[in-house]
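K.L.:
Dropping the sequence and predicted coords here.
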There are 2 protein chains.
Amino acid sequence: MSKRILYDLAGAEDDRRFSPYCWRTRMALAHKGLSVEAAPWRFTEKDMIAFSGQAKVPVLVDGERAVFDSWAIAVYLEETYPDAPSLFGGPAGMAATRFINAWADRVLVREIAPLIVADIHACLHEKDQPYFRATREKAFGASLESVSADRDARVIDFRRTLEPLRTTLKQQPFLGGETPNYADYIPFGAFQWARCSSGFALLAPDDPIAAWNETLLNAFDGLARDARC
Amino acid sequence: MSKRILYDLAGAEDDRRFSPYCWRTRMALAHKGLSVEAAPWRFTEKDMIAFSGQAKVPVLVDGERAVFDSWAIAVYLEETYPDAPSLFGGPAGMAATRFINAWADRVLVREIAPLIVADIHACLHEKDQPYFRATREKAFGASLESVSADRDARVIDFRRTLEPLRTTLKQQPFLGGETPNYADYIPFGAFQWARCSSGFALLAPDDPIAAWNETLLNAFDGLARDARC
């Protein structure tokens, strides 16, 4: 069997893994029952993944194939391993899940970022810190510390933006239905991003989303729960 | 064949139909190839649908069965007419579509409402107007006219909240994938609501959402395009 490698964003410690996109992929691989070597990668190690033709993780190398972009990887896994448990439950499931992916990218990740960006900086490898600070401060137009400063007030608005997720999880156990699938791993990756890079409580303890998140932390023998945080 | 009746919110004219939830159902029925008599109903005609056990439309009467709530009706149609074209493409498609339903209810409809609420009042049957004004002004805590007054500025923010829909439609023709399904009819119903009750332009003409909307207006021999607006 040829080796399977996932280039996975790491922080100061090799085993601190917190990319929301890489967590989507790690959960997807586990769902398919596929083993993987999750290799630590830092923002400034562009050379290490240059073979993929771009400069971001996740990058999955599966034998002879290299695939990048979390969505493309999920589709690749579904098509390449059709006999393993389905990530999408068919073409219509995949199509509707793409909306969830867009919501997670455009709303969830963007709303979480200012709440935890200073904490992320603090947990990075020192060789990544200047790059991260420069690019993120340019994007926010402010210092990382000032962006995160009002988060205790801001988190109230953030929790309101979760209403579509909360409403759905009051009606069914998972976005995938009775059992989780890739539709769940997408938003779960964002909460795991915050968990592994920041101690900040995104969710109130009695939020139905918190209970769903706990269940997914326990999935696959605690793959996500056992991560360094 | 027993008669199929949909109680459908109407305005001043019997054929002015603008409920976002009823439009979901009308498109779902058309998708299934099911004929229906869409009976005009006004907000103040609670007695007419009291048999359903609640006071809101859509209410579908299908032979001996009465079903209310747009989501419950869609599920009912899928289960009752399994040989007609699928609304969800399987259980996982249905589960993921429920998130789209929640997003439409909690974000899309709520963000559109203040932009068109004064126009909706103007197109109602006069017997509904006092009820509508009283309940909506209480909900908004302001007069209908003041709620809609700043809409030319507010619509810019509104268009930003459509980013998950826009992103998805840049990647695939429909939320249902290559062809539309119930995942599309849900947000489409909200745009049709605005179209049939208000002349206000929710979308910029070059928005990919506008092109998708045009396609759905033409679906089922122009069912939605031919509606009074």
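P.N.:
Perfect, thanks for sending it. Numbering: from 1, shown residues only, chains lettered A, B, ... in the order given.
K.L.:
who's in contact with A:Arg4?
P.N.:
Under the criterion of CB atoms under 8 Å, 6 or more residues apart in numbering or on different chains, the neighbours of A:Arg4 are A:Leu29, A:Leu34, A:Ser35, A:Val36, A:Glu37, A:Leu60, A:Val61, A:Asp62, A:Gly63. C-beta here means a position set from N, CA and C on the backbone, and glycine is covered the same way.
K.L.:
what's it sitting at in phi/psi?
P.N.:
phi -110, psi 120 (degrees, to the nearest 10).
K.L.:
how about the CA coordinates for stretch A:147-154, as CSV?
P.N.:
C-alpha atoms of stretch A:147-154 as CSV (Å, rounded to 0.1, in the frame of the first residue of the first chain):
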residue,chain,number,x,y,z
VAL,A,147,-9.1,43.1,16.8
SER,A,148,-9.7,40.6,19.6
ALA,A,149,-10.0,43.1,22.4
ASP,A,150,-13.8,43.5,22.5
ARG,A,151,-14.5,39.8,22.0
ASP,A,152,-16.5,39.3,25.2
ALA,A,153,-19.1,41.7,23.8
ARG,A,154,-18.7,40.6,20.2
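K.L.:
if we can go back for a sec, for the contacts of A:Arg4, I'd like a selection string for ChimeraX - just the buried members, please.
P.N.:
Applied in ChimeraX, the following selects the buried portion of the contacts of A:Arg4 according to 16 or more other CB atoms under 10 Å in any protein chain shown:
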select /A:29,36,60,61,62
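K.L.:
Report how many residues lie close to A:Ile49.
P.N.:
Using other CB atoms under 10 Å in any protein chain shown, A:Ile49 has 20 neighbouring residues.
K.L.:
secondary structure class for it?
P.N.:
helix (DSSP: H, G, I helix; E, B strand; the rest coil).
K.L.:
any idea how far chain B is from the residue lying closest to it once chain neighbours are set aside?
P.N.:
Once flanking residues are discounted, A:Ile49 sits nearest to A:Val59: 4.9 Å by CB to CB, 6 or more residues apart in numbering or on different chains. A:Val59 sits 20 Å away from chain B, going by CB to the nearest CB, to the nearest Å.
K.L.:
which residues in chain A form strands?
P.N.:
In chain A, the strands defined using DSSP state E lie at A:4-9, A:37-41, A:59-62, A:65-68.
K.L.:
okay if I get these as CSV plus distance to A:Arg133 and mean pLDDT?
P.N.:
Formatted as CSV, these follow (distance: least, CB to CB, whole Å; pLDDT from 0 to 100):
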stretch, distance to A:Arg133, mean pLDDT
strand A:4-9, 16, 98
strand A:37-41, 19, 98
strand A:59-62, 24, 98
strand A:65-68, 25, 97
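K.L.:
Show me which of those strands has the highest average neighbour count.
P.N.:
strand A:59-62 (a mean of 23; mean count of other CB atoms under 10 Å in any protein chain shown).
K.L.:
How about residues contacting stretch A:217-229?
P.N.:
So stretch A:217-229 is contacted by A:13, A:15-17, A:23, A:26-27, A:30-31, A:180, A:188, A:192, A:195-197, A:216 (CB under 8 Å, 6+ apart).
K.L.:
Check stretch A:201-216 too.
P.N.:
By CB under 8 Å, 6+ apart, stretch A:201-216 touches A:27, A:112, A:115, A:155, A:158-159, A:162, A:165-166, A:169-170, A:173-174, A:180, A:184-185, A:188, A:191, A:194, A:224.
K.L.:
hmm, which of those are the buried ones?
P.N.:
A:27, A:112, A:115, A:155, A:158-159, A:162, A:165-166, A:169, A:174, A:180, A:184-185, A:188, A:191, A:194, A:224.
K.L.:
Show me what from chain A comes close to chain B.
P.N.:
Contact residues, chain A versus chain B (CB under 8 Å from any CB of the partner chain): A:86, A:88-103, A:105-107, A:163-165, A:167-168, A:171-172, A:174-178, A:181, A:183.
K.L.:
Which ones among the buried ones among the contacts of stretch A:201-216 map onto helices?
P.N.:
A:27, A:112, A:115, A:155, A:158-159, A:165-166, A:169, A:184-185, A:188, A:191, A:194 (DSSP state H).
K.L.:
Per-residue pLDDT of A:Ser2, please?
P.N.:
Residue-level confidence at A:Ser2 comes out at 65, pLDDT.
K.L.:
nope, A:Gly199 is what I meant
P.N.:
87.
K.L.:
surely it meets A:Asp119?
P.N.:
Yes: using CB atoms under 8 Å, A:Gly199 is in contact with A:Asp119, at 7.3 Å.
K.L.:
out of the two, which sits in the busier spot?
P.N.:
Remark: of A:Gly199 and A:Asp119, A:Asp119 carries more neighbours, 17 against 9, as counted by other CB under 10 Å.
K.L.:
residues in contact with the residue lying closest to that one once chain neighbours are set aside?
P.N.:
Using CB to CB, 6+ apart and skipping residues adjacent in sequence, the residue nearest A:Asp119 is A:Ser198, 3.5 Å away. Going by CB under 8 Å, 6+ apart, A:Ser198 touches A:Leu115, A:Ile116, A:Asp119, A:Ile120, A:Cys123.
K.L.:
Excluding chain neighbours, give the residue nearest to the last one in space.
P.N.:
Leaving aside its sequence neighbours, A:Cys123 sits nearest to A:Gly11 (CB to CB, 6+ apart; 4.4 Å).
K.L.:
What does the pLDDT read for that neighbour?
P.N.:
At A:Gly11, the model reports a pLDDT of 98.
K.L.:
What of the one 4 residues further on?
P.N.:
The predicted local distance difference test score for A:Asp15 is 97.
K.L.:
State the distance from A:Thr167 to A:Ala38.
P.N.:
33 Å (CB to CB, to the nearest Å).
K.L.:
for A:Ala134, that is, sorry about that
P.N.:
In this view, A:Ala134 and A:Ala38 are 27 Å apart by CB to CB.
K.L.:
again, but for A:Ser143
P.N.:
Distance from A:Ser143 to A:Ala38, by CB to CB: 32 Å.
K.L.:
picking up where we left off before, can I get the ones in helices among the buried ones among the contacts of stretch A:201-216 in CSV with pLDDT and distance to A:Arg4?
P.N.:
Output for these, formatted as CSV (pLDDT from 0 to 100; distance: CB to CB, whole Å):
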residue, pLDDT, distance to A:Arg4
A:Met27, 98, 15
A:Ile112, 98, 29
A:Leu115, 98, 34
A:Val155, 98, 38
A:Phe158, 98, 36
A:Arg159, 98, 37
A:Leu165, 98, 31
A:Arg166, 98, 35
A:Leu169, 98, 32
A:Asp184, 99, 22
A:Tyr185, 99, 18
A:Phe188, 98, 21
A:Phe191, 98, 25
A:Ala194, 98, 27
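K.L.:
Which two of the residues you listed have the greatest separation?
P.N.:
Farthest-apart pair in those is A:Met27 and A:Val155; separation 24.7 Å (CB to CB).
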